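# no sequence for this one, just the structure:
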């Protein structure tokens, strides 16, 4: 008579223990995986800024000057053949590509740059493709360029419809422009200088690519950067627009407002930095409500100030093309010293 051995099996308790152990291991492993992914994203972001810094250097080498944050055509330079119907509407309608847009040929984007006539403003039928009114340009102009976007930044709106509405553009039409998370600065707000440095309350345009006159000062010479290129920031992260960010909270959909300035070709992505309190208000009705003045600068709000979705700080690029990660706890005086091109400060390493 054959004998059968009784097979051993797992009890319910043993299965639960194994599942619990697996759950614990996954829980321990997941933060490490997320941290590794963020490290890779931050490195890619740093590389994007490196490319911008090299492009700025190549621009200067080729043309013997650097582009200011923005330029404006004079009345005498009004386009003809064909006439631009919006040219006299506002100062904004007289402005060609901003600094990042002018770097396109030095970012291996000559094909995109060739679609733009630099003698005309961006808001011009020759430079705008459909669905912009009377637009005749190639829609490829507004292709998203990945090196302008930090991979750590969540997806954000990029509709400029509210901007173009005052010019008479048809309402309820999405005018989508590719966004960027990087920007040059113009300078400092007077309240920041007065409240935090004890200087006169006068807004300054002495960041590296700053200019006091967009019509007559269209070239930034290296000789104006008297603090030295290695001691002066040229590009920083101001990430997440058109969303309104305040200390990792997206306020955009609460009162339903956005930061329009998100397109890489927009001159107004460049901002004048403010000093903020860092205290979140109970209710935000308009973007100005986040401006509770203080001396905090980094990762408070992306309205005017440096802002990123990295933990603890922002990626930056200096005038010599070097890239560094600057802590959000960096002393205000040190960071302002890095932002100004002619302050005469001796800036310590912030890494």
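Received, thanks. What you see is a predicted model, and the numbers here were worked out from it, not measured in a lab.
# Can you give me the pLDDT of residue 17?
Listed pLDDT for residue 17 reads 79.
# Kindly report the same for the one 10 residues further on.
Model confidence at residue 27, given as pLDDT, is 76.
# how about the strands in the stretch 151-300 of the chain?
Applying DSSP state E, counting those that start in this stretch to the stretch 151-300 of the chain gives strands spanning 182-183, 185-188, 233-237, 245-246, 249-250, 271-273.
# now those strands in JSON lines, with mean pLDDT, mean neighbour count and distance to residue 19?
Backbone N, C-alpha and C define where each C-beta goes, glycine included. Shown next, in JSON lines, are the strands of the stretch 151-300 of the chain (pLDDT from 0 to 100; neighbours: other CB atoms under 10 Å; distance: least, CB to CB, whole Å):
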{"stretch": "strand 182-183", "mean pLDDT": "97", "mean neighbour count": "25", "distance to residue 19": "46"}
{"stretch": "strand 185-188", "mean pLDDT": "93", "mean neighbour count": "26", "distance to residue 19": "53"}
{"stretch": "strand 233-237", "mean pLDDT": "97", "mean neighbour count": "27", "distance to residue 19": "42"}
{"stretch": "strand 245-246", "mean pLDDT": "90", "mean neighbour count": "24", "distance to residue 19": "39"}
{"stretch": "strand 249-250", "mean pLDDT": "86", "mean neighbour count": "12", "distance to residue 19": "36"}
{"stretch": "strand 271-273", "mean pLDDT": "93", "mean neighbour count": "22", "distance to residue 19": "52"}
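# Of all the ones you listed, which one is nearest residue 64?
strand 233-237 (16.8 Å; CB to CB).
# How about residue 344: what's its closest non-neighbour residue?
residue 227 (6.8 Å; CB to CB, 6 or more residues apart in numbering).
# Share the number of residues neighbouring the one you found, please.
Neighbours of residue 227 under the rule other CB atoms under 10 Å: 22.
# That one contacts residue 340, doesn't it?
Yes: at 6.7 Å, residue 227 and residue 340 qualify as touching, with contact defined as CB atoms under 8 Å.
# Can you pull out the low-pLDDT segments for the stretch 151-300 of the chain?
Under the criterion pLDDT under 70, the flagged ranges of the stretch 151-300 of the chain are 253-256, 280-287.
# if we can go back for a sec, let me have the strands of the stretch 151-300 of the chain in JSON lines, adding distance to residue 201 as columns.
Shown next, in JSON lines, are those (distance: least, CB to CB, whole Å):
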{"stretch": "strand 182-183", "distance to residue 201": "24"}
{"stretch": "strand 185-188", "distance to residue 201": "11"}
{"stretch": "strand 233-237", "distance to residue 201": "23"}
{"stretch": "strand 245-246", "distance to residue 201": "24"}
{"stretch": "strand 249-250", "distance to residue 201": "30"}
{"stretch": "strand 271-273", "distance to residue 201": "13"}
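# Tell me which of those lies nearest to residue 137.
Checking these against residue 137 by CB to CB gives strand 182-183 as the closest, at 24.1 Å.
# give the contact list for residue 104.
The neighbours of residue 104, taking CB atoms under 8 Å, 6 or more residues apart in numbering as the test, are 97, 110, 112-113.
# Among those residues, which one has the most neighbours?
Most neighbours among the contacts of residue 104, by other CB under 10 Å: residue 97, with 23 neighbours.
# How much space separates that one from residue 177?
Residue 97 sits 12 Å away from residue 177, going by CB to CB, to the nearest Å.
# what is in contact with these two at once?
With CB under 8 Å, 6+ apart, residue 97 and residue 177 have common neighbours residue 265.
# correct me, but residue 323 touches residue 237?
No: here residue 323 lies out of contact with residue 237, judged by CB under 8 Å, at a distance of 11.1 Å.
# now do the same end-to-end measure for stretch 301-309.
With CA to CA, to the nearest Å as the measure, stretch 301-309 spans 11 Å from end to end.
# contact partners of it?
With contacts defined as CB under 8 Å, 6+ apart, stretch 301-309 is touched by 45, 150, 152-154, 181, 189, 236-241, 243-247, 259, 271-274, 276, 287, 290-291, 297-300, 314-316, 326.
# Take those and keep only those in helices.
Using DSSP state H, residue 45 are the members of the contacts of stretch 301-309 that sit in helices.
# Which ChimeraX command selects the buried ones in the contacts of stretch 301-309?
ChimeraX command restricting these to the buried ones, with burial defined by 16 or more other CB atoms under 10 Å:
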select :45,150,152,153,181,189,236,237,238,239,240,241,243,244,245,246,259,271,272,273,274,276,287,290,291,297,298,299,300,314,315,316,326
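# Where does residue 16 sit, in terms of helix or strand?
Secondary structure assignment for residue 16, by DSSP states H and E: helix 12-63.
# Which strands or helices does that helix pack on?
Counting contacts by 3 or more CB pairs under 8 Å, 6 or more residues apart in numbering; DSSP states H and E, helix 12-63 packs against strand 182-183, strand 233-237, strand 313-318, strand 323-327.
# Distance to residue 345 added to those strands, as JSON lines?
JSON lines is the format used below for the helices and strands packed on helix 12-63 (distance: least, CB to CB, whole Å):
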{"stretch": "strand 182-183", "distance to residue 345": "22"}
{"stretch": "strand 233-237", "distance to residue 345": "12"}
{"stretch": "strand 313-318", "distance to residue 345": "14"}
{"stretch": "strand 323-327", "distance to residue 345": "15"}
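# closest one to residue 336 among the ones you listed?
strand 233-237 (10.4 Å).
# Give me the contact list for the closest one.
Against strand 233-237 from outside (CB under 8 Å, 6+ apart): 45, 49, 52-53, 56, 150, 181-185, 207-209, 306-308, 310, 314-319, 338-339.
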